[in-house]
Structures are given as structure tokens and as C-alpha cells.
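Q: Fold the following, please.
(chains A and B)
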Amino acid sequence: MNKDPYAVALNNALSEIRKICPDVSRSFIFTKDGAIVAGDSETDEKTMEKMIHSFQSVAEKAAAIGSLKAFYVDGKKGKIILSSVNDMYLALAVSKDADTTYLHSITHVIIPTVLKLLETITPTPLQFTPSKQLVVDTLSGFFIGDSVQIDIELIEEWAKLLNQESLNEVEIEAFGGKATQCKVKEISDAQLKGKGMIRIPEKVCKTLEVKKGELVKVKPAST
Amino acid sequence: MSAKSKSKDNKDHIEVLQEKLQGIKGQEGIIGYLLRGSNSASIDLKDPTKIIDYAVLSATAFEVGQDMLAMLEIGELDSVIMESESTKILSMVVNNHRLSIFMEKSVDHNKLCKDLDLT
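A: Numbering: from 1, shown residues only, chains lettered A, B, ... in the order given. Predicted coordinates:
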């Protein structure tokens, strides 16, 4: 999770919201790219990531009705609210009988105000480390080296976002929890370009305990 | 109540619901609906070219809703509401059938539920 002052301030805002609204049992904020910006201590990062992954799958299908602004799930013992706030999403888990008017003021007034305020007082724009979920393809052979391969568009996008000339390394995290850092190159096989893949040498796949076809989370390595 | 009569009650309830759905489809702001059981499905949309997109979206909403509730351990699914800039989808399980109603965002879905006796 992001530890910059902006994220710390948002974490504090979420904690305060939970104090004044005990109906809120869990809360976190994430970007459209799926990067977790802030979250409560009750919810572990893996659960947040799984929630975000699920949300992204429905957001993708929701293109048929336009951009997804909110997703509410009503369960027997509580509710889940995922709501678009500026360029991010706020996720809340609340009790079954939570005051909806009050929750509306949190999602539509308090958090947007905090975000706006932070943007005003933060001297530099935020740079959340972007991350992508990519499908693993294994690289095998004598001359493959130890670099992973991803789409050149993604390398360029991340380099631009991080204000760098190029991107040399990425961090890869498997859903099982294993992670590693590798050099990165563009995908050389033209037939595999633009398919949301990451080609990983077999040796690195063993380290990560992942197989072909599985998803991994990839982000630029922090230098 | 025997299993047979319970099943008949469910069937009757779904038939009544289908009639009510037919009744609301002409209402302002209603885009259409999808009602899916284990062996049958009825779908009625103003724009038939969107049937597949809406059916996929409805199925995904149920799946994701159930997954999220399981992740946070907050019980079984009652309903899911999805909102875009202009459209809203209400999905819920009614007598083992999955119902999704597609509507404009301005439609009061709580009132709609009352009209359909779904509350």
C-alpha cells in the first residue's frame, strides 16, 4: 500500500469515518488501474486485491452500459458499496441496517472533499505505482536469459507515468504471495503482442510458483 | 408443505412475476428485464442487439456479488445494483430465478421492487 503523505492522510480519513460511522466495518480506496491507495487495517491486502480484481471484471463487462460508477451488493448480513470518487473507487463494507443517507454523504461528499483538499495542498501530483494483472506465458530455451517480456505499450506507458526515459525492471507478484523483481523487455513474438501477457522464464516461474495461463500482478520496480 | 406443492407455488409465483414484468416494461425509463431459471430464461429488451451484452453483464454481476460477499463473509446474496452514468441494473434472486431489470438511472428501483412485490 502507498505510504506517501497523501495516502497516510486518506488512511486517517477512512479511520475517522469508521469512528463516526460504526456501521462501516471495512473501507479502502483504489485507483482505476487497481492500485490500492488507502485502506483499513482490518482488511488484508490480499482480500482488497481479490475484491478489486472482481470489481474490474464486472467493470469491464459494464462497458455495455457505459463506465461503471457504482456497484452495490446487498447480502444477508451486510452490504458492500463500491463507488466512483473522482478518478478512484471507494469500497465500503457496512452493516445490513446502515443509514443509507449517511453513507451517501460519505461516498459523495466527505471522501471527494478530502480528495479535493489533498490535491489542493499536495505540492506535486500523486504518482501511484500502477499495477496490471497479466497472464503468464512461459519462456523456455537456452538463450532466454532472465528477463521477462511484456507489451512495449505497457513499458512506454509506465516509463511515461514515472517520468523515466525507459523502464528496466518490474516487480512480479503471484497470487500465492511469492514475488520477485526482474529485468523487462518487450515481447518479441509478434503473435503474442497486445494480449495482456507476461512471458516469464521457466526458472522465474518456479520461483513465483506460477504456471502458464495463471494471473500475476506486475508493476514497475521501485528504483 | 410437500416438495411438489412447494414447487407448484414457486412456479405460480414466477408466472405472476412474469406478468408483472410485462406490465412494467412499458413504464418510462425501463429498458428491459431478464429472468433466468435453471431450465428456462425470458428476456425482453427495448434494444434486442444488446441482449448478449446485458445477459453477460447480469451473470457477471451475480457472480461478482456472491464472490465479494464470500470474501468479506457477509452472508448470501440478496441483490446487486450497478450504476453507470445513465443506466442502472437491479439484479436479485427470486424463487431460485435470477432476475435483472435494466433501467434508466432516474428510475426509483425501490418503488419498482414494491410494484413487483419483491421487497
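Q: Please report phi then psi for the residue in chain A that chain B sits nearest to.
A: For chain A and chain B, the shortest gap (C-beta to the nearest C-beta) falls at A:K76, measuring 3.1 Å. The way it works is simple: take the backbone N, C-alpha and C, and place the C-beta from them, glycine included. Its backbone dihedrals place A:K76 at phi -60, psi -30, with angles given as degrees, to the nearest 10.
Q: looking at it, it is touching B:E73, isn't it?
A: No - taking contacts as C-beta atoms under 8 Å, A:K76 lies outside contact range of B:E73: 11.0 Å.
Q: Tell me how many other residues surround the closest residue to chain A within chain B.
A: With C-beta to the nearest C-beta, the shortest gap between chain B and chain A falls at B:G75, namely 3.1 Å. B:G75 has 14 neighbouring residues, counting by other C-beta atoms under 10 Å in any protein chain shown.
Q: do the same with B:D78
A: B:D78 has 16 nearby residues by other C-beta under 10 Å.
Q: And for the one 10 residues further on?
A: For B:K88, the tally of surrounding residues (other C-beta under 10 Å) stands at 22.
Q: again with A:T107
A: 18.
Q: Could I get the contacting residues of it?
A: Contacts of A:T107 were listed using C-beta atoms under 8 Å, 6 or more residues apart in numbering or on different chains, and they are A:81, A:83, A:85, A:90, A:92.
Q: The one helix or strand the fourth one maps to close to chain B?
A: What it means is A:L90. Assigned by DSSP states H and E, A:L90 falls within strand A:88-95. Yes - part of strand A:88-95 sits near chain B under the criterion C-beta under 8 Å from any C-beta of the partner chain, namely A:A93.
Q: then the helix or strand following that strand to PDB, C-alphas only?
A: Using DSSP H and E, the helix or strand that follows strand A:88-95 in sequence is helix A:100-105. Taking C-alpha atoms only, helix A:100-105 is exported to PDB below (Å, rounded to 0.1, in the frame of the first residue of the first chain):
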ATOM      1  CA  THR A 100     -28.000   4.900   3.500                       C
ATOM      2  CA  THR A 101     -28.300   8.700   3.600                       C
ATOM      3  CA  TYR A 102     -25.300   8.900   5.900                       C
ATOM      4  CA  LEU A 103     -23.400   6.500   3.700                       C
ATOM      5  CA  HIS A 104     -24.300   8.600   0.600                       C
ATOM      6  CA  SER A 105     -22.800  11.600   2.300                       C
END
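Q: Outside of helix A:100-105 itself, which residues are in contact with it?
A: In contact with helix A:100-105 (C-beta under 8 Å, 6+ apart) are residues A:21, A:23-24, A:81, A:92, A:94.
Q: which residues of chain B score low on pLDDT?
A: Where chain B drops to pLDDT under 70, the residues are B:1-11, B:119.
Q: and A:S188, how many residues sit next to it?
A: A:S188: 10 neighbours (other C-beta under 10 Å).
Q: how far away is it from A:I150?
A: Counting by C-beta to C-beta, to the nearest Å, the gap from A:S188 to A:I150 is 11 Å.
Q: Could you do A:M88 as well?
A: With C-beta to C-beta as the criterion, A:M88 and A:I150 are 25 Å apart.
Q: Neighbour count for the two, which is higher?
A: Neighbour count, other C-beta under 10 Å: between A:M88 and A:I150, A:I150 has more, with 24 against 21.
Q: so who does the more buried one touch?
A: Contacts of A:I150 (C-beta under 8 Å, 6+ apart): A:134, A:170, A:184, A:186-187, A:197-199, A:218.
Q: Now B:I24: closest residue in space that isn't a chain neighbour?
A: B:I30 (5.7 Å; C-beta to C-beta, 6 or more residues apart in numbering or on different chains).
Q: Equivalent analysis for A:P220, please.
A: A:W158 (4.7 Å).
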